[in-house]
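In: Pasting a predicted model and its sequence here:
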Amino acid sequence: MMYTHNELRIAILKAADHIEARPWTYNFFQNRMPGSNNDTGCALGWIGYFLGNIRQGIDEVAKVITNSNWEDRYTWCDAFYFELDMLVPRKRDQSWRFSAELCVRALRLYADRHFPVAHSEHAFVKSLKAQLKNKEEETV
C-alpha cells in the first residue's frame, strides 16, 4: 500500500502521542500490530495501527517508513531501530526500546528528520502569524 509523505508523518506522530498518553501500551517486545487502542504494541506496531492497516506486519511498516529496497525483511526493522538509536542514544541503562518517554522523543525526531512539515504548511503558519500581528497592530 502506498502512503503519502504527510500520511506517514501523521501516523508516526499519532503513535508518539498515543504512547505519551498511554505509556503502558508501549512494549518493544510486542512485535505485532496492536488490535485496539488499549492493546500493547511496539513503536512500529503503533505506527502501523495509525496507518490504518493492522493486517500488515511490523516489517512491512518498517519497509514503508524507511523506504527500503532490501530483500531481507529483518533489515527493514533494523534500519528503523538503528536510526532511532542514533536519534536518542542510549545513556546508562536508558534506551528508547525500554522507555515510553524516550520512544516518544525518538519517534518525533524521526518524523521531523524523514517526514518534515511541508513547505506549504510553513507558509500557512507564517500567514496566520502575519494576520495575528496585523490584528494586534490595529488594536494598538
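Out: Everything's here; your move.
In: so where do the helices sit in this structure?
Out: When secondary structure is read from DSSP state H, the chain shows helices at 5-21, 43-51, 58-66, 73-87, 100-114, 119-139.
In: And the pLDDT for Ile58?
Out: Looking at Ile58, its pLDDT is 87.
In: I'd like the average pLDDT over stretch 132-140.
Out: pLDDT averaged over stretch 132-140 gives 73.
In: picking that back up, dump the helices of the chain to JSON lines, plus distance to Phe29.
Out: Yep, even glycine has a C-beta here, placed from its N, CA and C like the rest. Shown next, in JSON lines, are the helices of the chain (distance: least, C-beta to C-beta, whole Å):
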{"stretch": "helix 5-21", "distance to Phe29": "15"}
{"stretch": "helix 43-51", "distance to Phe29": "11"}
{"stretch": "helix 58-66", "distance to Phe29": "12"}
{"stretch": "helix 73-87", "distance to Phe29": "13"}
{"stretch": "helix 100-114", "distance to Phe29": "13"}
{"stretch": "helix 119-139", "distance to Phe29": "36"}
